[in-house]
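S.K.: could you work out the structure for the sequence below:
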Amino acid sequence: MAKRAPNAGEQQLKRRVQQTCEEDRAWLMTRQPFTARLMMQLNLIAVVDDRLPTAGTDGEAVFVNAEFMASRSDADRRFILAHEVWHCALGHHRRELGREPERWNHACDYEINALLKGLLGHCPDDALYHADFTGQSAEQIYARLSTSSRPPRGQTLDVHDLIGALSGTGEVNDPDFTPRPVSADNARRWQQRLIATAQQTERQDGKGSLPAHIRTLVEGLRRPEVPWQQVLAAFIQNTLGGSRRWLPPSRRHVYQGLYLPSLRSQTLSLAVALDTSGSCQRDLPHFLSELAGILGACDRVRLDVLEFDAQVARRTTLDESELYRLHQWECHGGGGSDIRPVFTVLETTPPDVLVAFTDGHIDALKSDPGYPVLWCLTPKGQKPTAWGDMAVLVESHVD
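M.R.: Below is the predicted model:
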């Protein structure tokens, strides 16, 4: 199919929609100044391009398909523009951490759309929205989507991978559609912009002028807690990186200043001990789903999964082609929690790293086994030893 630039009529539509979107930004300044101030950090670019059917952002510009935006109501159009701004402000690109892309995109849209429903009092009828997700992070929503068999309510109203969209097909290719790859520096700048905009809003409009959920987001950036997924990824990299040759990772496994590179010449040998006690079962799918995503950055993996109660109830070995099994894992075991048999089993073939998922209420060794151990604890768990590193899961379920 021969490619062409927008014709005269399409160029006229672009100019009209461009002007309308600029007016929408001014409208938001009077109704939602916090979002509008963030939007001022982005260029608004209307295009007519078959590769971009809706809208999207690369952290530097918001690209909107003029025909799509012209078909939406005033309220929908303003919502979509604000939606793109909050993708940047919430740092969704850097937070993917190797998760399944489509499910992660849905989780991000659910997070933003619930937030904007509260800010604007409106959400498009065909957008992804569920009242149950109000106030939850994309990570929490992703965990719930991972264990749900229900289809999504609504659809995505934007394109999340603009660089991938450039390789799409279609007759009309607009030369103004020029997205750039999202960089770690760009993600950090957006964190700083969110904090600075909050400070500006409070100075101009007074203390307490920020909505409660935005204040919580900003305070989280001012006093950041490192996500447990990032702790695990960094733990593996720091443990093995000094003695092995790492090659560049795929782009989707790069996030804010942290890389979990692909390992092509050797196999990562990782043991995972799973506490099968009842108090751990609710958070187990979340843990295993995240683990599978993180290990997906490694080219070759030997994963030794040991389920334990008072003894090792089951031992399973997976390679990189079988990591998908972690998403449907069902544990065997029952009463009692004693991880010492796990270390006994591993004495003959010590792993590079042991990650132990537990609530911490277990019997454990008094001294470390001679290889790195990361205790990955349930939200209210406690570290069972004085040795080893620790990461704590966030709450991921709502009763």
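S.K.: C-alpha only now, for contacts and for neighbours.
M.R.: OK.
S.K.: for the lengthiest helix in the chain, buried residues please.
M.R.: Counting by DSSP state H, the longest helix found in the chain is helix 8-31. Neighbour-count burial for helix 8-31, counted by 16 or more other Cα atoms under 10 Å, picks out 10-11, 13-14, 17-18, 20-21, 24-26, 28-29.
S.K.: any idea which element residue 203 lies in?
M.R.: Per DSSP states H and E: residue 203 is located in helix 184-205.
S.K.: and the very next helix or strand once past that helix, what other elements does it pack with?
M.R.: Under the assignment DSSP H and E, the closest C-terminal helix or strand after helix 184-205 is helix 212-222. Counting contacts by 3 or more Cα pairs under 8 Å, 6 or more residues apart in numbering; DSSP states H and E, helix 212-222 packs against helix 184-205.
S.K.: between the helix it packs on and helix 212-222, how many degrees?
M.R.: 130 degrees (axes from the mean of the first three to the mean of the last three Cα atoms, to 10 degrees).
S.K.: kindly reformat the buried residues of helix 8-31 as CSV containing distance to residue 102 and pLDDT.
M.R.: Output for the buried residues of helix 8-31, formatted as CSV (distance: Cα to Cα, whole Å; pLDDT from 0 to 100):
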residue, distance to residue 102, pLDDT
10, 31, 97
11, 32, 97
13, 31, 98
14, 29, 97
17, 29, 98
18, 29, 97
20, 31, 97
21, 28, 96
24, 29, 96
25, 29, 93
26, 33, 94
28, 30, 93
29, 32, 90
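S.K.: can you give me the helices in this structure?
M.R.: 8-31, 33-39, 66-70, 74-89, 101-120, 138-146, 162-165, 184-205, 212-222, 228-240, 278-281, 284-295, 340-345.
S.K.: now tabulate those in a markdown table and tack on distance to residue 374.
M.R.: Converted to a markdown table, the helices of the chain look like this (distance: least, Cα to Cα, whole Å):
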| stretch | distance to residue 374 |
| --- | --- |
| helix 8-31 | 47 |
| helix 33-39 | 39 |
| helix 66-70 | 49 |
| helix 74-89 | 31 |
| helix 101-120 | 26 |
| helix 138-146 | 21 |
| helix 162-165 | 36 |
| helix 184-205 | 26 |
| helix 212-222 | 24 |
| helix 228-240 | 8 |
| helix 278-281 | 16 |
| helix 284-295 | 13 |
| helix 340-345 | 13 |
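S.K.: residue 171: which of the buried residues of helix 8-31 is nearest?
M.R.: Closest approach to residue 171 among these (Cα to Cα): residue 10, at 13.1 Å.
S.K.: for the closest one, give me its contacts.
M.R.: Contacts for residue 10 were tallied using Cα atoms under 8 Å, 6 or more residues apart in numbering; they are residue 48.
S.K.: so residue 4 versus residue 50, what's the distance?
M.R.: Using Cα to Cα, to the nearest Å, residue 4 is found at 10 Å from residue 50.
S.K.: more neighbours: which of the two?
M.R.: Just comparing residue 4 and residue 50: by other Cα atoms under 10 Å the higher neighbour count belongs to residue 50, 17 against 13.
S.K.: which residues sit in contact with the more buried one?
M.R.: 169-173.
S.K.: okay, residue 175: pLDDT?
M.R.: pLDDT for residue 175: 96.
S.K.: OK, contacts around the spatially closest residue to it that is not a sequence neighbour?
M.R.: Excluding the flanking residues, the one nearest residue 175 by Cα to Cα, 6 or more residues apart in numbering is residue 5, at 7.0 Å. Contact analysis of residue 5 by Cα under 8 Å, 6+ apart lists 172-175.
S.K.: filter those residues to the buried ones?
M.R.: Applying 16+ other Cα under 10 Å to the contacts of residue 5 flags 172-174 as buried.
S.K.: where does the stretch 101-250 of the chain have low pLDDT?
M.R.: Low-confidence segments of the stretch 101-250 of the chain (pLDDT under 70): 207-208, 220-227, 237-250.
S.K.: if you set the cut-off to 80 instead, what comes out?
M.R.: 146-151, 153, 183-185, 187-188, 204-250 (pLDDT under 80).
S.K.: and if you look at the stretch 251-399 of the chain?
M.R.: When residues are selected by pLDDT under 80, those of the stretch 251-399 of the chain lie in 251-268, 293-300, 332-336, 394-399.
S.K.: measure the residue most central in space within the chain to residue 104 for me?
M.R.: For the chain, the residue nearest the mean C-alpha position is residue 96 (3.1 Å; Cα atoms, centre = their mean). Applying Cα to Cα, the value for residue 96 to residue 104 is 7 Å.
S.K.: what does residue 146 give?
M.R.: Residue 146 is 10 Å from residue 104, by Cα to Cα.
S.K.: repeat for residue 180
M.R.: Distance from residue 180 to residue 104, by Cα to Cα: 21 Å.
S.K.: so between the two, which is more surrounded?
M.R.: Each of residue 180 and residue 104 has its neighbours counted (other Cα under 10 Å); residue 104 has more, 24 against 13.
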